[in-house]
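Colleague: Provided below for reference: sequence and predicted model.
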Amino acid sequence: MKRAITITEVALRDGSHAIAHQYTTEQVAAIAKALDEANVPYIEVSHGDGLGGSSLQYGLSRTDEFELIETAVAVCRQAKIAVLLLPGIGTVKELKQAARLGAKMARIATHVTEADISAQHIAAAKELGMETVGFLMMAHMAPIDVLVHQAQLMESYGADVVYVVDSAGALLPYEVKERVRALKESIGIEVGFHAHNNLSLAMANTLAAIEEGATRVDGSVRCLGAGAGNTQTEVLVAVLDRMGIPTGIDLYKMMDLAEQLVAPMLPKAQEITRDSLTLGYAGVYSSFLLHAQRAAQTFGLDARDILIELGRRKVVGGQEDMIVDVAAEMARQKVAVWEGEWK
Ligand SMILES: CC[C@H](O)CC(=O)C(=O)O
Ligand SMILES: [Mn+2]
């Protein structure tokens, strides 16, 4: 089966953010099996924040992620199971466990300026015989020369692919093009792109990346992912097919599983709400959405104000505890203003 573009399906990992990490074994078994039958080549399974993410800080998983990985491996005949790992959240121990259970691809994710912390994990994944991807998150936050240098580091550590990751869904199509073009000119491995739809640009940005030579892209059935979600896999397959670009994925099967299997499981459809739009507008990590909404409720604030402030302070992944700190500080300031008005 010829694939000009290789799609990694992320609903069972990024989509976990959208459902507060509540996947059951039965859901993962059914979705992974259907994706496999639709000939999706890679299916990512782990906590939304990657291996080891289940915690009070990032959100507790309903089901142990290793049980989910084992389940997905067991039901797939051709698809390879991928796992995400953020060094510091997950460790080499968890990577080894995932490999033992049959995961074949490791995506090692760091903030866009911190590739150096991925050296050990990329080397470990390669030693375990896994295909290894460097995943440079929040790519809108670094100048292009910095992004290039960080990608070169990941390549030097042994990564097979480097991804430009638009974690905040903040990049505009021309910015995606500049970034992918710069990587294509300066590294010798495949370039990938991961989009979020907060500004309704996930599809346009994915196509822009492909136009500049990205050969790996991420999709999520029914866009299930953090914030406003990711590029919708079944739509991407249809669009690429119209463009004469083979993905190897069966369009009707993808459409059917989206409609008949995934849509009925969702508590609510993925859409661009005022809060998820604010993520893209303010350049904030998409996975902060539910945390900011909870903090807004607790402190009687507008989630948009919290997100704008987080963007202003350039808070990055791993700093989830800052969301409550910032909200508490904003609430205190609000009270101080009221008190001043009463004097
Ligand atoms: C918290 C990890 C994050 O969800 C990884 C990712 O998909 C992204 O940065 O977009
Ligand atoms: Mn993502």
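Modeller: Thanks, I have it. Numbers count the residues shown, from 1 in each chain. Ligands and ions are numbered 1, 2, ... in the order given.
Colleague: which residues touch whichever residue of the stretch 101-250 of the chain sits closest to ligand 1?
Modeller: Closest to ligand 1 within the stretch 101-250 of the chain is Ser167: 3.1 Å, counting by C-beta to the nearest ligand atom. Just so you know, the C-beta spots here come from the backbone N, C-alpha and C atoms, and that holds for glycine as well. For Ser167, the contact set (C-beta atoms under 8 Å, 6 or more residues apart in numbering) comprises 137-139, 194, 196, 285-287, 317.
Colleague: of those, which ones also sit close to ligand 1?
Modeller: Among the contacts of Ser167, the ones lying close to ligand 1 by the criterion of C-beta under 6 Å from any ligand atom are 137, 194, 286-287, 317.
Colleague: any chance of those in TSV, with distance to Lys343 too?
Modeller: Below are these laid out as TSV (distance: C-beta to C-beta, whole Å):
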residue	distance to Lys343
Met137	46
His194	51
Ser286	42
Ser287	41
Gly317	41
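Colleague: out of the residues you listed, who's the most crowded?
Modeller: His194 (32 neighbours; other C-beta atoms under 10 Å).
Colleague: for it, give its distance to Val10.
Modeller: Using C-beta to C-beta, to the nearest Å, His194 is found at 8 Å from Val10.
Colleague: what's the overlap in contacts for these two?
Modeller: By C-beta under 8 Å, 6+ apart, His194 and Val10 have these common neighbours: 218, 230.
Colleague: farthest pair in the contacts of Ser167?
Modeller: The distance between the two most remote of the contacts of Ser167 (C-beta to C-beta) is 15.1 Å, for Ala139 and Ser287.
Colleague: so the chain: which segments form each domain?
Modeller: Here the domain parsing of the chain from automatic domain parsing is 6-265, 287-342.
Colleague: quick one, what contacts Arg179?
Modeller: Applying C-beta under 8 Å, 6+ apart, the residues near Arg179 are 139, 144, 147, 164, 171.
Colleague: likewise Gln22?
Modeller: Gln22 is in contact with 16, 61-62, counting by C-beta under 8 Å, 6+ apart.
Colleague: and with 10 Å instead?
Modeller: By C-beta atoms under 10 Å, 6 or more residues apart in numbering, the contact list for Gln22 reads 16, 59-63, 267.
Colleague: what does Tyr163 give?
Modeller: Shown in contact with Tyr163 (C-beta under 10 Å, 6+ apart): 8, 107, 109, 133-137, 139, 151, 154, 183, 190-194, 209, 214, 216-218.
Colleague: try 6 Å this time
Modeller: 135, 192, 194 (C-beta atoms under 6 Å, 6 or more residues apart in numbering).
Colleague: which pLDDT value belongs to the residue nearest to Thr231 when sequence neighbours are not counted?
Modeller: Of all residues not flanking Thr231 in the chain, Ala202 sits nearest, at 4.2 Å (C-beta to C-beta, 6 or more residues apart in numbering). On pLDDT, Ala202 comes in at 98.
Colleague: all strands of the stretch 1-150 of the chain, in order?
Modeller: Applying DSSP state E, counting those that start in this stretch to the stretch 1-150 of the chain gives strands spanning 6-9, 42-44, 80-85, 105-111, 131-137.
Colleague: let's have those in CSV, adding mean pLDDT.
Modeller: Listed next are those as CSV, based on pLDDT from 0 to 100:
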stretch, mean pLDDT
strand 6-9, 98
strand 42-44, 98
strand 80-85, 98
strand 105-111, 98
strand 131-137, 98
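Colleague: quick one, what contacts the residue of the stretch 201-343 of the chain found nearest ligand 1?
Modeller: Going by C-beta to the nearest ligand atom, ligand 1 is nearest to Ser287 of the stretch 201-343 of the chain, at 4.5 Å. Counting by C-beta under 6 Å, 6+ apart, Ser287 touches 17, 226.
Colleague: so it: helix, strand or coil?
Modeller: Following DSSP: H, G, I helix; E, B strand; the rest coil, we place Ser287 in the helix state.
Colleague: tell me the spacing between it and Arg100.
Modeller: As defined by C-beta to C-beta, Ser287 lies at a distance of 27 Å from Arg100.
Colleague: with Ile43 instead?
Modeller: With distances taken as C-beta to C-beta, Ile43 is found 18 Å from Arg100.
Colleague: for Leu199, same thing?
Modeller: Using C-beta to C-beta, Leu199 is found at 40 Å from Arg100.
Colleague: more neighbours: which of the two?
Modeller: A count of neighbours by other C-beta under 10 Å puts Leu199 above the other of Leu199 and Arg100, at 22 against 12.
Colleague: please identify the helix or strand for the closest residue to that one other than its chain neighbours.
Modeller: Setting aside the residues directly before and after it, Leu199 is nearest to Gly280 in space (C-beta to C-beta, 6+ apart), at 3.9 Å. Using DSSP states H and E, Gly280 maps to helix 274-282.
Colleague: what's downstream of that helix, the next helix or strand?
Modeller: Next along the chain after helix 274-282, taking DSSP H and E as the criterion, comes helix 289-299.
Colleague: what about that following helix, near ligand 1?
Modeller: No. Helix 289-299 stays clear of ligand 1 (C-beta under 6 Å from any ligand atom), getting no nearer than 10.8 Å.
Colleague: chain center to that helix, what's the gap?
Modeller: Going by C-alpha atoms, centre = their mean, to the nearest Å, the spacing between the C-alpha centre of helix 289-299 and its chain's C-alpha centre is 21 Å.
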